[in-house]
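> model the following, please.
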Amino acid sequence: MSSEAHLVELKRRHDDLEQKLAATMARPSSDHLEIVRLKRKKLSLKDKITRLSMHTSTH
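Residues are numbered from 1 along each chain as shown. Predicted coordinates:
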């Protein structure tokens with residue numbers, strides 16, 4: 001998989017997590033631990049996207 005394709009996939013997964021997080025937070029009975037887990041996973045993806053973006057822009 002090329003760097004650009006990998007970046008697109010990471011962004012798609014980040015967007016999917018954003019939607020899942022919003023849906024989870026909108027539920028009155030949302031699980032706090034699930035919200036924290038989703039936020040951490042989303043942040044991890046964002047970090048990977050940033051690192052990959054920096055790597056592809058310098059090469």
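
> could you use CA atoms for every contact and neighbour count after this?
Noted.

> centre-most residue in the protein?
Nearest to the geometric centre of the chain sits His14, at 2.7 Å (CA atoms, centre = their mean).

> surely it touches Lys46?
Yes: the criterion here is CA atoms under 8 Å, and His14 meets it with Lys46 at 7.0 Å.

> can you list the low-confidence ranges for the chain?
59 (pLDDT under 70).

> hey, where'd the strands end up in it?
With DSSP state E, there are no strands along the chain.

> how many neighbours does Gln19 have?
Other residues within reach of Gln19, judged by other CA atoms under 10 Å, total 12.

> against Ser2, how distant is it?
26 Å (CA to CA, to the nearest Å).

> what about the longest helix in the protein?
helix 32-58 (DSSP state H).

> who does that one touch, helix- and strand-wise?
helix 3-26 (3 or more CA pairs under 8 Å, 6 or more residues apart in numbering; DSSP states H and E).
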